[in-house]
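1. just to be clear, the model below is a prediction. Sequence and coordinates:
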Amino acid sequence: MGKQKQLQVSAIQNGTVIDHIPAPSLFYVISILGLDHITNQITFGANFDSHKLGKKAIIKVSDKFFEDDEINKIALVAPHAKLNIIRDYEVVEKRDVTIPDEVVGIVRCFNPKCITNTEAIVTRFTVQDKTNLALKCHYCEKITTSKELKMI
Ligand code: CTP
Ligand code: ZN
């Protein structure tokens, strides 16, 4: 036993490992990144023990390297996610995610009367506060907070 470390999900040769995802957000992250529509090899695991998160999830996508604006979309549901860029089995870079200034089409507006809830219109918010999440709807100008946060 001792200190020997074992990978709970097999190592990958090239690609991206998204670690420290809160376990309940795993499937939101998969959907936000469109991982259910790509042909790359994907492995994931959920409900691993984490000191910081209680239970965490991890996703490994082979041969995929995300652009910042693509990966930052997951910050709403996984603000402490860590990206590990893997090349030839080595971690060559670690990155954090940051909440973007604008959120398009991921979250519902909490106002039931908002046009985005009554017609087929993609939601669009300006992020007014990143610490105490506050999303201002582009259409009805109401503020959606983390308490009311519902994914599309
Ligand atoms: N990893 C992988 N394939 C590799 C190398 C690493 O899947 N060829 C994964 C590891 O399983 C880990 C993550 O990438 O989940 C980060 O690797 P590493 O930095 O070695 O692990 P830690 O030191 O535990 O990272 P941290 O403390 O940042 O979580
Ligand atoms: Zn609205």
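-> Cool, the structure landed. Ligands and ions are numbered 1, 2, ... in the order given.
2. checking the closest residue to L83 other than its chain neighbours next. Helix, strand or coil?
-> Leaving aside its sequence neighbours, L83 sits nearest to R95 (Cβ to Cβ, 6 or more residues apart in numbering; 4.1 Å). Where C-beta positions appear, they are placed from N, C-alpha and C, glycine not excepted. Of the three states, R95 takes strand under DSSP: H, G, I helix; E, B strand; the rest coil.
3. what's around R95, how many residues?
-> 16 (other Cβ atoms under 10 Å).
4. is it true that I152 touches C109?
-> No - between I152 and C109 there is no contact under Cβ atoms under 8 Å: 10.2 Å.
5. which one's more surrounded, those two?
-> C109 (26 against 12).
6. can you pull the residues of the protein lying near ligand 2?
-> C109, N111, C114, C137, Y139, C140 (Cβ under 5 Å from the ion).
7. ok so the last one is a strand residue?
-> No - counting by three-state DSSP, C140 is not part of a strand but coil.
8. give me the phi and psi angles of it.
-> phi -110, psi -10 (degrees, to the nearest 10).
9. shared neighbours of I152 and C109, which are they?
-> Residues touching both I152 and C109 (Cβ atoms under 8 Å, 6 or more residues apart in numbering) are T123.
10. mind checking the SS state of K52?
-> coil.
11. in contact with it, which residues?
-> So K52 contacts H20, H80 (Cβ under 8 Å, 6+ apart).
12. need the pLDDT of it.
-> Note on K52: pLDDT of 83.
13. got phi/psi on it?
-> Dihedral angles (degrees, to the nearest 10) for K52: phi -80, psi -40.
14. leaving out the residues flanking it, which one is nearest to V92?
-> Using Cβ to Cβ, 6+ apart, the closest residue to V92 is I85 (5.4 Å).
15. any idea which helix or strand carries the one you found?
-> strand 82-87 (DSSP states H and E).
16. and that strand, does that touch ligand 1?
-> Yes - interface with ligand 1: strand 82-87 contributes K82, N84, I86 (Cβ under 6 Å from any ligand atom).
17. if any of those are buried, put those into a ChimeraX selection.
-> Burial among those is assessed by 16 or more other Cβ atoms under 10 Å; the matching ChimeraX selection reads:
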select :84,86
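18. out of the residues of strand 82-87 next to ligand 1, which comes closest to ligand 2?
-> Among the residues of strand 82-87 next to ligand 1, K82 lies closest to ligand 2 (Cβ to the ion), at 32.2 Å.
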